[in-house]
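Q: Fold the following.
(2 chains)
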Protein chains: 2
Amino acid sequence: MTASSHHSVPAARLTVLAGPTAVGKGTVSADIRARYPDVWLSVSATTRSPRPGEIDGVHYHFVGPDGFAQMVEDGELLEWAVVHGRNSYGTPRTPVEERLAAGVPALLEIDLQGARQVRGTMPDARFVFLAPPSWEELERRLVGRGTEGPEERERRLATAKVELAAESEFDHVIVNDDVRRATDELITVMGLQPHVTHA
Amino acid sequence: MTASSHHSVPAARLTVLAGPTAVGKGTVSADIRARYPDVWLSVSATTRSPRPGEIDGVHYHFVGPDGFAQMVEDGELLEWAVVHGRNSYGTPRTPVEERLAAGVPALLEIDLQGARQVRGTMPDARFVFLAPPSWEELERRLVGRGTEGPEERERRLATAKVELAAESEFDHVIVNDDVRRATDELITVMGLQPHVTHA
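A: Numbering: from 1, shown residues only, chains lettered A, B, ... in the order given. Sure, this is the predicted structure:
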C-alpha cells in the first residue's frame, strides 16, 4: 500500500483489453459502457473525418493530421498507428493519466499491436486477452458468411491462429462465451464489484 | 565499463533503424550489408511464401502460420504484426540476443509501429530515426509519379506529416541526404569505425 493523505485517493491502474479479430472486444466494451459507468473508457484520437452520428470526444477525438502530428511530437500518444496507409489512430496519454491519478479505473480497448506498444509506454498496465470460447466459434465468426474464396478463408484462419497465440503475452485471459459474463469477469479482474446478473 | 574476463567480449547493443515511408531505410540497410559485413542485420520471420529468388534465412525466415504462431506463443518475437490482415511479420529474439552476447553489433530495420513495440521488449536498444533531407524531398518521393488522384495524394502527405513527427520518439536522427553518408553516420552512432568514402 502506498501512503496517501485523507484528501487523496489511491491511483488506479490502466487495464488494456485486446484479442484476436472478431472476438467481440467492441461488444464487451459497449456492455461495460452501458452497465458500469464508473469505469472510464479511453477515447482514441484519429485523423479521419467524423461519420454521420459520430460525436467528437465521445466516439473519437477528431484531431486532423496537424493535431495528430502534434500529439505524436509531444509524446502524447501511448500507442498509435497509420492504418492501411490512410488514417492514423492513437491513444492520448493525458486523459488516461488524469483518470488514474483521480482513482478512476481506466480501460483501453485496443488491437494486439497497440497493446504491445503500451507495454513500452505504460509497463504497469494490466494486460487482458479476450479469447473466443473455441477455435470452431472463432472460425465461424471469421468465415461465417462464406462469401470469400478458399484463399481468403485460409488467410483469415492463419491470421487467427497467430493472433490466438498472442494469449501468452497477456496477464489475464477472459473467454468471451457470453458477453455479460465476460464483462463481469473483466470487472472482477480490474478489482471492482461485478453486478448481479439476472437471468 | 562492465568487468569481463579475457575470454569474454563485452555485450553489444541493438540498434533499431526506423523512419517514415519512402525515406530510404531499405537502401541504407542494403548499403550497410554491402560495405559493413561486421554488422549483423536482423532477418524477419514471415508467414508468407517465398517469392522467386528469395532464400530462406537470408531474405526472410519462411516459417508458415504454425511456426509463426509457435514463435508468438514462446515470446520469441521482439515485435510482430499482421499486415493488411494477410501475412504476419516479426523479429525473432534469439538470433538478436546471440549476436549481442557475442559482441556483434546488431541492426534491426523496421517500421515505426515495430520500433515502438521494441521499446517494450528491448528497452536498452538504441533507437535511430532516418529522416528525409526536407519535406519537399519526401513529398517528391511519395507523390513523385503523379499517378494518384488528389485525395490519395492528400492522404499520403497527411501520413508523412504524422510519421515525421515520430522523430521525437527516437534517441538519434540521421538525415538521409546521401546514402553513403547516412550509412557512415549510422555506423558512427553505433560506435563503430566508418569507412573512408571515396568520391
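Q: secondary structure element for the residue nearest to residue A:139 when sequence neighbours are not counted?
A: Once flanking residues are discounted, residue A:139 sits nearest to residue A:157: 6.4 Å by Cβ to Cβ, 6 or more residues apart in numbering or on different chains. Every C-beta, even on glycine, is put in place using the N, C-alpha and C of the backbone. Using DSSP states H and E, the element containing residue A:157 is helix A:150-165.
Q: for the record, mean pLDDT for that helix?
A: Averaged across helix A:150-165, pLDDT comes to 91.
Q: which secondary structure elements does whichever helix or strand comes after that helix contact?
A: Per DSSP H and E, the first helix or strand lying C-terminal to helix A:150-165 is strand A:172-175. The contact analysis (3 or more Cβ pairs under 8 Å, 6 or more residues apart in numbering or on different chains; DSSP states H and E) places strand A:172-175 against strand A:126-131, helix A:179-189.
Q: can you map out the strands along chain A?
A: A:14-18, A:40-41, A:45-46, A:61-62, A:77-83, A:87-92, A:106-109, A:126-131, A:172-175 (DSSP state E).
Q: As JSON lines, those strands with mean neighbour count and mean pLDDT would be great.
A: Shown next, in JSON lines, are those (neighbours: other Cβ atoms under 10 Å in any protein chain shown; pLDDT from 0 to 100):
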{"stretch": "strand A:14-18", "mean neighbour count": "24", "mean pLDDT": "98"}
{"stretch": "strand A:40-41", "mean neighbour count": "18", "mean pLDDT": "97"}
{"stretch": "strand A:45-46", "mean neighbour count": "22", "mean pLDDT": "98"}
{"stretch": "strand A:61-62", "mean neighbour count": "17", "mean pLDDT": "98"}
{"stretch": "strand A:77-83", "mean neighbour count": "23", "mean pLDDT": "96"}
{"stretch": "strand A:87-92", "mean neighbour count": "22", "mean pLDDT": "97"}
{"stretch": "strand A:106-109", "mean neighbour count": "24", "mean pLDDT": "98"}
{"stretch": "strand A:126-131", "mean neighbour count": "22", "mean pLDDT": "98"}
{"stretch": "strand A:172-175", "mean neighbour count": "17", "mean pLDDT": "98"}
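Q: Can you say which of those is nearest to residue A:55?
A: strand A:61-62 (9.4 Å; Cβ to Cβ).
Q: The closest one pairs with which strands, parallel or anti?
A: strand A:45-46 (parallel) (DSSP bridges).
Q: Now do the strand it pairs with: everything it contacts.
A: A:60-63, A:67-68, A:71, A:77, A:87-92 (Cβ atoms under 8 Å, 6 or more residues apart in numbering or on different chains).
Q: circling back to that earlier point, run through the neighbouring helices and strands of the helix holding residue A:157.
A: helix A:135-143, helix B:64-73, strand B:77-83, strand B:87-92.
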